[in-house]
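Student: Task: produce atomic coordinates for the following.
(one chain, ligands or ions: 2)
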Amino acid sequence: MKFAKNILCIGAGYVGGPTMAVIAFKCPDCKVTVVDVNEERIRRWNSDDLPIFEPGLLDVVRSARGRNLFFSNAIAEGIRAADIIFVSVNTPTKTFGYGAGMASDLQYWEKTAHEIVANSDRSKIIVEKSTLPVRSAEAMERILQENKRGIHFEVVSNPEFLSEGSAVMDLLEPDRVLIGSRQTESGRKAAQEIAAIFAHWVAAEKIITANLWSAELSKLVANAFLAQRISSINAVSALCEKTDADVAEISFAVGSDTRIGPRFLNASIGFGGSCFKKDILNLVYICRSYGLNEVADYWEAVIEINEYQQERFVRKIIREMFNTIVGKKIVLLGFAFKANTGDTRESPGIHVARKLLEERVLLVVSDPQALENARKDLAGLDGSVEYEPDPYRAAVDAQAIAVITEWEFFKKLDFAKIFASMRKPAFVFDGRNILDHQKLFSIGFNVFPLGKPSLTHFK
Ligand code: UDX
Ligand code: UDX
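Tutor: Ligands and ions are numbered 1, 2, ... in the order given. Model prediction:
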């Protein structure tokens, strides 16, 4: 079959995989190929055991795979055949050299630009999907324009706003699609070509065009704003615990103001995920590099509060369990950085687990999707860790449960049965405020919610 467009995506990760699956699903006239250096990952994309867990993803992949959706390791071949190339390789925080711990590590992204040059024999549109520092497209353009063969590469920025756990729905019904391009004739034309892909299923008014630098920076700013809301409410949760106010009531009251809105106001043990911390650190680094130290300090505080919140949670466990938890069995209910995903990148669970192990607890981690990743995250740490998918088995002889992830199914557990199997006094530390605290208290638990008065049986 002859396709209208050949689309390639380099990087078959959490962003590239689902995004391309939905594009292929919605655009049967386009051939979509996703390539990656990782052979095992590609093998799994070609099986029913996908390398990432996202509700609804397998159905979408199955409906398009082999028809107009292909996964492969043949990167050079894919580049040669493509009209449009999405670049979705990872851009983690640098761990070495200048900007270590702050700036984005752009080595994979630059390597990809060189691969594109080496394997292209005609003009193409290059789409930045990876989140990048503002003005990265300029560097990408310079590398690409060094080809000296008269080929024109038009670089556009199309940041991805999907959220893990709801990636498929976010892609099918996005709030907006943002496309940044050079404000030249060829730049605008390239933006329109990318817009035409999304127009297969996204309403025209939701497809926003902007200049390249606004699009790049919008992605960092959107994530910084979302994270800032969480740090704001988490900071308030600490104050609530001192004043007997209830953070959930405050979220509701404050979020009822239509100017503020109700979403992203759930107090938690802290935000995790691959994006928030990385993107804010990147924003901070960019501000500092322009000498905007006050602006940098402002955004950096969002991360400091997030670390404080995780630390506060561990300290509270130790304090409330009589200042010693050595040899006590503690269950982490959840390990993923949020519900409906197996992803544990930057999960607060990692920090909590590490700190509890330093206190020499007997740790049990229970999560319906994240145990494979949890094992990798905690590998090499000293101490006793067990991984048990069944929360009932995990809780036998335990002294405390700490809720890390807001999985819906945790709410439906039979806590009377769990309580009966635990040692007494039994504790619940609800880092997500998802459980019915009064009910747990009446069962016999000593309950420590977040940002709410605690419920204990101690006189
Ligand atoms: C990542 C970042 O987290 C996100 O901020 C950015 O917007 C896009 O890149 P994600 O899809 O979550 O998103 O990353 P990851 O799951 O690590 O996938 C990246 C993929 O690129 C991996 O499968 C990796 O093997 C592949 N890759 C990396 C290449 O194919 N070539 C390379 O040179 C480097
Ligand atoms: C985020 C952005 O939402 C998305 O637009 C961007 O493309 C990538 O980064 P993601 O990291 O997948 O997506 O998850 P998100 O739902 O934003 O949650 C991030 C973290 O914040 C999670 O740890 C979550 O549990 C936490 N969170 C979220 C809260 O603690 N409270 C809230 O009210 C909302």
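Student: all contacts plus neighbour counts: C-alpha atoms, from now on.
Tutor: Will do.
Student: What residues does this protein have near ligand 1?
Tutor: 10-16, 36-38, 88-91, 108, 112, 129-131, 274-275 (C-alpha under 6 Å from any ligand atom).
Student: From those residues, list just the buried residues.
Tutor: By neighbour count, with 16 or more other C-alpha atoms under 10 Å, those hold 10-16, 36, 88-91, 112, 129-131, 274-275 as buried.
Student: So which of the residues you listed reach ligand 2?
Tutor: Near ligand 2, by the rule C-alpha under 6 Å from any ligand atom, you find residue 275 out of these.
Student: mind listing which of the buried ones among the residues of the chain next to ligand 1 are in strands?
Tutor: residue 10 (DSSP state E).
Student: In helices, which of the buried ones among the residues of the chain next to ligand 1 appear?
Tutor: 16, 112 (DSSP state H).
Student: roughly how far out does stretch 80-93 sit from the chain middle?
Tutor: 19 Å (C-alpha atoms, centre = their mean, to the nearest Å).
Student: Ignoring the adjacent residues along the chain, who's closest to residue 279?
Tutor: Among residues not flanking residue 279 along the chain, residue 220 sits closest, at 5.5 Å (C-alpha to C-alpha, 6 or more residues apart in numbering).
Student: buried stuff in the host helix or strand of the one you found?
Tutor: In this structure, residue 220 sits in helix 212-243 according to DSSP states H and E. Across helix 212-243, burial judged by 16+ other C-alpha under 10 Å covers 212-221, 223-224, 227-231, 233-241.
Student: helices or strands up against that helix?
Tutor: strand 153-157, strand 177-181, helix 247-255, helix 276-289, helix 293-320 (3 or more C-alpha pairs under 8 Å, 6 or more residues apart in numbering; DSSP states H and E).
Student: Pick the most buried one from the ones you listed.
Tutor: Across the helices and strands packed on helix 212-243, averaging neighbours per residue (mean count of other C-alpha atoms under 10 Å) puts strand 153-157 on top, at a mean of 26.
Student: Which residues outside the helix or strand following it are in contact with it?
Tutor: For strand 153-157, the succeeding helix or strand toward the C-terminus, using DSSP H and E, is helix 167-172. The contact list for helix 167-172, computed with C-alpha atoms under 8 Å, 6 or more residues apart in numbering, reads 18, 19, 22, 54, 55, 56, 57, 161, 162, 163, 201, 202.
Student: Could you rerun that using 6 Å?
Tutor: By C-alpha atoms under 6 Å, 6 or more residues apart in numbering, the surrounding residues in contact with helix 167-172 are residue 162.
Student: how about the residues of this protein that lie near ligand 2?
Tutor: 160-164, 223, 230, 264-268, 270-273, 275-276, 337-338.
Student: ok, now with 8 Å
Tutor: 159-167, 219, 222-223, 226-227, 229-230, 263-276, 337-339, 347-348, 405-406, 432 (C-alpha under 8 Å from any ligand atom).
Student: follow-up on the earlier one: can you give me the angle the helix holding residue 220 makes with strand 177-181?
Tutor: Interaxial angle, helix 212-243 versus strand 177-181 (axes from the mean of the first three to the mean of the last three C-alpha atoms, to 10 degrees): 140 degrees.
Student: Rounded mean pLDDT for helix 212-243, please.
Tutor: For helix 212-243, the mean per-residue pLDDT is 96.
Student: State the number of residues packed around residue 148.
Tutor: 9 (other C-alpha atoms under 10 Å).
Student: And for residue 150?
Tutor: 11.
Student: Could you tell me the end-to-end distance of stretch 320-334?
Tutor: Stretch 320-334 has an end-to-end distance of 21 Å (criterion: C-alpha to C-alpha, to the nearest Å).
Student: For it, buried residues please.
Tutor: So stretch 320-334, judged by 16+ other C-alpha under 10 Å, has buried residues 321, 325, 328, 329, 330, 331, 332, 333, 334.
Student: Would you pull up how far that stretch lies from the middle of the chain?
Tutor: Distance, centroid of stretch 320-334 to centroid of chain: 28 Å (C-alpha atoms, centre = their mean).
Student: Contacts for that stretch, please.
Tutor: So stretch 320-334 is contacted by 359-367, 398-405 (C-alpha under 6 Å, 6+ apart).
Student: again with stretch 401-411
Tutor: Residues contacting stretch 401-411 (C-alpha under 6 Å, 6+ apart): 330-335, 338-339, 428-432, 435.
Student: before we move on, what about stretch 347-359?
Tutor: By C-alpha under 6 Å, 6+ apart, the list of residues contacting stretch 347-359 reads 272, 326, 335, 337, 383.
Student: Convert the C-alpha atoms of it to PDB, please.
Tutor: C-alpha atoms of stretch 347-359 as PDB (Å, rounded to 0.1, in the frame of the first residue of the first chain):
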ATOM      1  CA  SER A 347       9.100   8.000  42.900                       C
ATOM      2  CA  PRO A 348       9.000   9.200  46.500                       C
ATOM      3  CA  GLY A 349       8.800   5.500  47.300                       C
ATOM      4  CA  ILE A 350      12.500   5.200  46.500                       C
ATOM      5  CA  HIS A 351      13.500   7.900  49.000                       C
ATOM      6  CA  VAL A 352      11.200   6.500  51.700                       C
ATOM      7  CA  ALA A 353      12.400   2.900  51.100                       C
ATOM      8  CA  ARG A 354      16.100   4.000  51.300                       C
ATOM      9  CA  LYS A 355      15.600   6.000  54.500                       C
ATOM     10  CA  LEU A 356      13.600   3.200  56.200                       C
ATOM     11  CA  LEU A 357      16.200   0.700  55.300                       C
ATOM     12  CA  GLU A 358      18.900   2.900  56.800                       C
ATOM     13  CA  GLU A 359      16.800   2.600  60.000                       C
END
